[in-house]
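next comes the sequence, and after it the predicted model I'd like to discuss.
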Amino acid sequence: MDKQYIIDIQNLHKTFKSGKITAINHLSLKIEKGQTIGLIGADGAGKTTLLRLINGLLLPDEGYISINGLNPWNDKKFFINKISYMPQKFALYEDLTIKENLDFYAKLKNIDKNFNNLLDFAGLTLFQNRLVGNLSGGMKQKLGLICALMGNPDLLLLDEPSVGVDPVSRRELLKMVKKTIHNNATVIWATAYMDEAHGFDRVIVIDKGKIIYQGKPYDLAPDTKKFEEKIIALMGGFSLQASEVAKNFIAKPHHHEYVVEADNLSKKYGEFYAVKNNSFKIKAGKIFGLLGPNGAGKSTSFKMMCGLIKPTSGTARIMGIDIIKNPSAARANIGYMAQKFSLYPNLSVQQNLNFFAGAYGLSKNKADDAIKNIIDIFAFKPFLNDNANDLPLGFKQRLSLACAIMHNPSVLFLDEPTSGVDVITRREFWHHITSLAKKGVSVLITTHFMDEAEFCDDISLFYQGKTIAAGKPQELKKSTKCQTLEDAFIKIILDQKRRD
Ligand SMILES: Nc1ncnc2c1ncn2[C@@H]1O[C@H](COP(=O)(O)OP(=O)(O)OP(=O)(O)O)[C@@H](O)[C@H]1O
Ligand SMILES: [Mg+2]
């Protein structure tokens, strides 16, 4: 019997900027019904463009797409409720509550159903009346996924749904999707998590708008770690050279043993503690990982320690300077990369770089050198005149990181720097971070990739605003009798949940 295909793509071609940039390059592809397909590729490889073409949001220059025999842009009306698309940044209404957002999307899709199970999974049940604007990054991501899962789609297009989702929920994500959709539904799931991709029926790897591999993940490698190496090799490989970022870094001499001290920090919203009496210290030149599930209070801690929000009680000191009493002097030592893209979306890449060099008070010569360097290191040249907002997510993250380190700060605060960057760039980022630490920079970092957390010197595991475990990665694994930090993390959190 013939295989049943839901998607048939022939010779698809899509360019941008009057043909100067080829996003999809004469690509042909058939996808069987009922499969879960992992879409992998470097930042800017064409994943999002492909998903938008399949969804009928973009028109190709050449070629055709058929979905169940219909054309996604001519036959749009047949696809309402048949194709569900979760973009990288799902359009939630920040000034409506969780519940109001769900009601809104349910009405839009003509669905009369309750979402209690999905809300439970996402850990959002208690917060249904909270404004979406006040949710953590990962909580928003899960709510976006719930909205995309509404209805009973035949085709589900998910653009990096697990970005920013914590390890405990991430393990459940595929199960939740499978449970919600019907048996014969097809899922295309873009991801930078190789363990996730290894669990799908098939993977498609694209590079410069072309398919460079497709097949069963198991055929590429039977275990996840080797699979990741194979994918990296397919994508051009990663070689460890001296970090250019660290090479040009000039450390400022100082005498502090502890460069960052969080001293009984608390933040209360109404009766709810986002952070509760938290204290920790970071030694000079060390990498300190602040880990925890979505909504644990990590970003709130970062913001208090940068002086962006005022603690309800407690304080933080940066190089001995109190952030509340003397915010600008304390802040001068910090480079901060926020979780939410915080550069100027309507300025070009070049303008953003110029602006931040100016804001950090670099002299004209120093600024020119720093900017030139950064453009080389992070491969910004083709994007210099693009609006920051139009960059692929991975390049947005690079630009944010670049702007955070431009002024040679002694302390780096990085809130999920690798969320949304591809698997090779993730390694590059960490190479820069560890090299900077060797030069004396102290780093406070958060990540939901537990393999990255292994690079931290010390870890504090956060849950509901409090530290529930702390130590070196090795110590945490030992005390929980786990082989990996991911298992240790999940064990500690689940034990704590049982106790509550
Ligand atoms: N202005 C606010 N009003 C009410 N609650 C808030 C506000 N800001 C944050 N919160 C809540 O504080 C908690 C901690 O949020 P925070 O952003 O610090 O989490 P996080 O650990 O960074 O999570 P993630 O991993 O998802 O980024 C969440 O429950 C969030 O909804
Ligand atoms: Mg956060």
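Received the coordinates, thanks. Computed from a predicted structure; not experimentally measured. Ligands and ions are numbered 1, 2, ... in the order given.

smallest gap between the stretch 351-500 of the chain and ligand 2, at which residue?
Going by C-beta to the ion, ligand 2 is nearest to Asp415 of the stretch 351-500 of the chain, at 5.9 Å. All C-beta spots, glycine's among them, are computed from the backbone N, C-alpha and C.

so where's the stretch 151-300 of the chain shaky on pLDDT?
Applying pLDDT under 70 to the stretch 151-300 of the chain flags no residue at all.

ranges for the strands of the stretch 201-350 of the chain?
202-207, 210-215, 258-269, 272-283, 287-291, 313-318, 321-322, 334-337 (DSSP state E, counting those that start in this stretch).

show me what counts as buried in the fourth one.
By that I understand strand 272-283. By 16 or more other C-beta atoms under 10 Å, the buried positions in strand 272-283 come out as Tyr273, Ala274, Val275, Lys276, Asn278, Phe280, Ile282.

please see if it touches ligand 2.
No. Strand 272-283 is not in contact with ligand 2 by C-beta under 5 Å from the ion; minimum separation 10.5 Å.

which strands or helices does that strand pack on?
Under the contact definition 3 or more C-beta pairs under 8 Å, 6 or more residues apart in numbering; DSSP states H and E, strand 272-283 sits against strand 258-269, helix 298-305, strand 313-318, strand 442-446, strand 458-463, strand 466-471.

closest to Asn71 out of the ones you listed?
helix 298-305 (42.7 Å; C-beta to C-beta).

tell me the residues on the stretch 1-150 of the chain that lie near ligand 1, please.
Residues of the stretch 1-150 of the chain lying close to ligand 1 by C-beta under 6 Å from any ligand atom are Arg130, Asn134, Leu135, Ser136, Gly137, Gly138, Met139.

report the buried members of these.
Judged by 16+ other C-beta under 10 Å, buried ones among these: Arg130, Leu135, Ser136, Gly137, Gly138, Met139.

which one of those residues is nearest to Phe395?
For these, the closest approach to Phe395 (C-beta to C-beta) belongs to Gly137, at 18.5 Å.

output the helices and strands packed on strand 272-283 as CSV; include the columns distance to ligand 1.
Formatted as CSV, the helices and strands packed on strand 272-283 follow (distance: least, C-beta to the nearest ligand atom, whole Å):
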stretch, distance to ligand 1
strand 258-269, 4
helix 298-305, 3
strand 313-318, 15
strand 442-446, 7
strand 458-463, 7
strand 466-471, 12
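
picking up where we left off before, mark which of the buried ones among the residues of the stretch 1-150 of the chain next to ligand 1 are part of helices, please.
Here DSSP state H is the test, and these give Gly137, Gly138, Met139 as lying in helices.

now, which of the residues of the stretch 1-150 of the chain next to ligand 1 lie close to ligand 2?
Ser136, Gly137.

want to try CSV for the residues of the stretch 1-150 of the chain next to ligand 1, with pLDDT as columns?
Below are these laid out as CSV (pLDDT from 0 to 100):
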residue, pLDDT
Arg130, 96
Asn134, 96
Leu135, 95
Ser136, 93
Gly137, 91
Gly138, 92
Met139, 93
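
which one of the residues of the stretch 1-150 of the chain next to ligand 1 is nearest to Gln35?
Comparing these against Gln35 with C-beta to C-beta places Gly138 closest, at 27.3 Å.

could you dump the helices and strands packed on strand 272-283 to TSV with mean neighbour count and distance to Pro87?
Output for these, formatted as TSV (neighbours: other C-beta atoms under 10 Å; distance: least, C-beta to C-beta, whole Å):
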stretch	mean neighbour count	distance to Pro87
strand 258-269	19	29
helix 298-305	25	22
strand 313-318	20	36
strand 442-446	26	24
strand 458-463	22	29
strand 466-471	17	34
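
now those as CSV including distance to Lys364?
Shown next, in CSV, are the helices and strands packed on strand 272-283 (distance: least, C-beta to C-beta, whole Å):
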stretch, distance to Lys364
strand 258-269, 30
helix 298-305, 31
strand 313-318, 28
strand 442-446, 29
strand 458-463, 39
strand 466-471, 44
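
columns distance to ligand 2 on top of these, output as a markdown table?
Output for these, formatted as a markdown table (distance: least, C-beta to the ion, whole Å):
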| stretch | distance to ligand 2 |
| --- | --- |
| strand 258-269 | 13 |
| helix 298-305 | 3 |
| strand 313-318 | 17 |
| strand 442-446 | 7 |
| strand 458-463 | 10 |
| strand 466-471 | 16 |
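
these: which one's closest to Lys210?
Closest to Lys210 of the helices and strands packed on strand 272-283 is strand 442-446 (C-beta to C-beta; 34.6 Å).

need the contact partners of the closest one.
With contacts defined as C-beta atoms under 8 Å, 6 or more residues apart in numbering, strand 442-446 is touched by 259-260, 282-292, 298-299, 302, 305, 339, 410-417, 433, 436-437, 456.

name the helices or strands packed onto the strand or helix carrying Gln496?
Element membership of Gln496 [criterion: DSSP states H and E] is helix 485-499. With contacts taken as 3+ C-beta pairs under 8 Å, 6+ apart, helix 485-499 sits against helix 167-180, helix 450-453, strand 458-463, strand 466-471, helix 473-480.
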